[in-house]
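Engineer: starting from these lines, generate the structure:
(one chain, ligands or ions: 1)
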Amino acid sequence: MKIANHIDNLRKTIKRLDSSFFYYDLDFLESHLSEMNNLRDQDIKLWFACKANPLSSILKLFRNLHFGVDVASLGELEQVTRSGLKPQDIISTGPSKSKKYIRSLLENEINCVVIESEYQLKWLNEIAKDMGIKAKCLLRAQFEWEGGSSVLGGNDVTCFGMDRETVSAIDLKEYPEVEVIGFHVFQWGNILDLKRLETIWDKICLQIKEIASQVNVDLKVIDLGGGIGIPYEKGEQRVPFDKINEVLVSLKKKHKLQKIWMELGRYAVGECGLYLSQVIDRKKTRGVDILVLDGGINHIARPALTGQSFPCEVLYHDESKENNSKTKNFQVHGPLCTSLDKLGTFELPEDVDYGDWLIFKNSGAYGFTEAMPFFLCHNLPAEIVSYKGDLMTPRTIKTSTDWLV
Ligand SMILES: Cc1ncc(COP(=O)(O)O)c(C=O)c1O
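Structural biologist: Predicted structure coming up:
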């Protein structure tokens with residue numbers, strides 16, 4: 001999204017709220033999603049991993065553009081159905097699925113449950129039998145890889161899915177009420193290198209084909225999860241979707257696949273969002289220039305969780321002030337009483353000071369709902385939406401008196 005097109009809206013919102021907020025450009029999101037729709041092969045099905053941003057106005061855009069949605073909790077399921085998604089357009093991933101939750105997934109008639117353990121498979125079968133239905137599912141596998149870890153595990157042992165040995169040993173005759181339509185594998189996140197994505201996906205397809213024949217599954221779907229990156233660092237470029245589509249189509253041909261599914265989070269919504277917070281204080285500590293903001297990891301925790309910052313720029317409080325070309329590095333902190341509350345070190349105009357605002361870009365994914373909002377009882381951030389010329393506030397700020405008892 002182009003920040004320059006939104007400066008008036010941002011300044012209006014700052015004046016009105018005087019507190020930190022997220023801001024989403026839904027026209028940008030709509031054209032990005034439409035472009036993906038137009039470019040994708042008909043056998044590539046796109047779902048939105050709504051953990052990335054479950055705001056209803058965002059979900060409704062996905063619904064209107066005929067994307068499916070992946071939910072990973074009862075809360076997400078309720079939010080998605082409240083936003084008008086049809087059961088056929090919902091799938092469910094996630095390592096923590098109780099019997100009660102699996103029953104509500106089936107009662108809501110969702111398209112497909114992604115099975116992540118032997119118990120989940122057993123319970124799905126029992127509940128389907130009890131309800132007199134056949135339940136569609138994917139089996140989620142977790143592979144060993146060369147190379148390090150990732151938010152999604154990488155080569156680490158995680159709670160996601162089942163290891164190759166376990167999946168390969170499943171005897172489907174024990175689960176007659178379950179129809180396994182394919183497999184799901186997703187272990188690597190935020191990758192910007194198309195060649196690396198291709199290598200990972202190729203290896204997944206190869207192993208899944210072997211497992212499918214061992215378990216005797218008629219392989220209709222391979223779900224590759226998410227994992228396509230967006231630029232967070234200077235000089236990084238987004239991978240264009242036509243290139244991603246080309247790679248998926250060539251894998252489909254090479255491995256003779258019927259359908260490839262992807263559940264995109266970051267790549268779908270990351271670039272449509274901003275987070276804005278005001279500079280409250282500036283100081284120098286042992287030679288390091290420090291800015292302290294109104295909001296930090298209580299609003300946007302990803303930098304502390306992953307060690308990666310969102311790109312940042314200054315919006316001066318004084319509207320007539322030109323951007324100072326002289327810059328220096330600032331260590332930027334939030335308001336919490338923990339040194340974990342650090343949003344990064346940024347090169348910013350040297351005259352940035354209290355009262356100015358910082359704009360964190362590409363923060364449409366893993367923002368509001370990934371944070372730790374209650375610690376220290378600061379305001380919750382608002383969520384602001386710009387769409388077709390309208391500026392809307394689906395969520396205004398909340399103060400501690402709204403939730404503390
Ligand atoms: C099962 C599953 N699918 C998809 C995603 C979305 O991943 P990304 O944001 O990398 O596209 C996630 C993210 O955690 C996930 O857990």
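
Engineer: residues touching stretch 369-381, excluding its own?
Structural biologist: By Cβ atoms under 8 Å, 6 or more residues apart in numbering, the residues outside stretch 369-381 that reach it are 19-22, 51, 53-54, 275, 294-295, 297-302, 305, 335-337, 368, 397-400, 402-404. From N, CA and C alone the C-beta is placed, and that goes for glycine too.

Engineer: my read is residue 401 is in a strand, agree?
Structural biologist: No: with DSSP: H, G, I helix; E, B strand; the rest coil as the criterion, residue 401 is assigned helix and is not in a strand.

Engineer: next, count neighbours for it.
Structural biologist: Residues lying near residue 401 (other Cβ atoms under 10 Å) number 8.

Engineer: what separates stretch 63-74 from the chain centre, distance-wise?
Structural biologist: Remark: stretch 63-74 is offset 12 Å from the chain centroid, using Cα atoms, centre = their mean, to the nearest Å.

Engineer: what does stretch 347-354 give?
Structural biologist: Offset of stretch 347-354 from its chain centre (Cα atoms, centre = their mean): 31 Å.

Engineer: ends of it, what's the gap?
Structural biologist: This stretch, stretch 347-354, spans 17 Å end to end (Cα to Cα, to the nearest Å).

Engineer: list the buried residues for it?
Structural biologist: Across stretch 347-354, burial judged by 16 or more other Cβ atoms under 10 Å covers 348-349, 352.

Engineer: which residue does this structure have closest to the ligand?
Structural biologist: Closest to the ligand within the chain is residue 226: 2.1 Å, counting by Cβ to the nearest ligand atom.

Engineer: that residue in helix, strand or coil?
Structural biologist: Secondary structure, three-state DSSP: residue 226 is coil.

Engineer: ditto for the one 5 residues further on
Structural biologist: Classification of residue 231 into helix, strand or coil gives coil, according to three-state DSSP.

Engineer: contact partners for it?
Structural biologist: Here residue 231 is in contact with 192, 237-238, 311, 362 (criterion: Cβ under 8 Å, 6+ apart).

Engineer: related to what we said a few turns ago, how many other residues sit next to the residue of the chain closest to the ligand?
Structural biologist: Each residue near residue 226 was counted by other Cβ under 10 Å, and the total is 25.

Engineer: now swap in residue 392 and tell me
Structural biologist: For residue 392, using other Cβ under 10 Å, the count is 12.

Engineer: for it, name its beta-bridge partners.
Structural biologist: In this entry, residue 392 is beta-bridged to residue 385, by DSSP bridges.

Engineer: now swap in residue 360 and tell me
Structural biologist: residue 275, residue 312.

Engineer: surely it touches residue 273?
Structural biologist: No: contact between residue 360 and residue 273 fails when scored by Cβ atoms under 8 Å: they sit 9.0 Å apart.

Engineer: ok, those two, which is more surrounded?
Structural biologist: Neighbour totals were compared for residue 360 and residue 273, and residue 273 leads with 30 against 27 (other Cβ under 10 Å).

Engineer: count the neighbours of the spatially closest residue to the more buried one that is not a sequence neighbour for me.
Structural biologist: Excluding its sequence neighbours, the residue lying closest to residue 273 (Cβ to Cβ, 6 or more residues apart in numbering) is residue 364, at 2.5 Å. Applying other Cβ under 10 Å, we find 29 residues neighbouring residue 364.

Engineer: next one: residue 390
Structural biologist: The burial count for residue 390: 9, using other Cβ under 10 Å.

Engineer: which residues of the chain lie near the ligand?
Structural biologist: Contact residues, the chain versus the ligand (Cβ under 6 Å from any ligand atom): 49, 51-52, 70, 93, 186, 189-190, 225-228, 263-267, 365.

Engineer: inside strands: which ones of those residues?
Structural biologist: Mapping the residues of the chain next to the ligand onto strands (DSSP state E) picks out 49, 70, 263-264.

Engineer: which of the contacts of residue 231 lies closest to residue 144?
Structural biologist: Sorting the contacts of residue 231 by distance to residue 144 puts residue 192 at the head of the list, at 23.9 Å, by Cβ to Cβ.

Engineer: which of the contacts of residue 231 has the largest number of neighbours?
Structural biologist: Note: the member of these with the most neighbours is residue 362, at 22 neighbours, neighbours being other Cβ under 10 Å.

Engineer: list the residues that contact that residue.
Structural biologist: If a contact means Cβ under 8 Å, 6+ apart, then residue 362 has 230-232, 270-271, 273, 310-311 as its contacts.

Engineer: can you do 7 Å?
Structural biologist: 230-232, 270-271, 310-311 (Cβ atoms under 7 Å, 6 or more residues apart in numbering).

Engineer: which residues of the stretch 151-300 of the chain fall in strands?
Structural biologist: Using DSSP state E, counting those that start in this stretch, the strands of the stretch 151-300 of the chain run over residues 162-163, 178-184, 221-223, 259-264, 273-285, 288-293.
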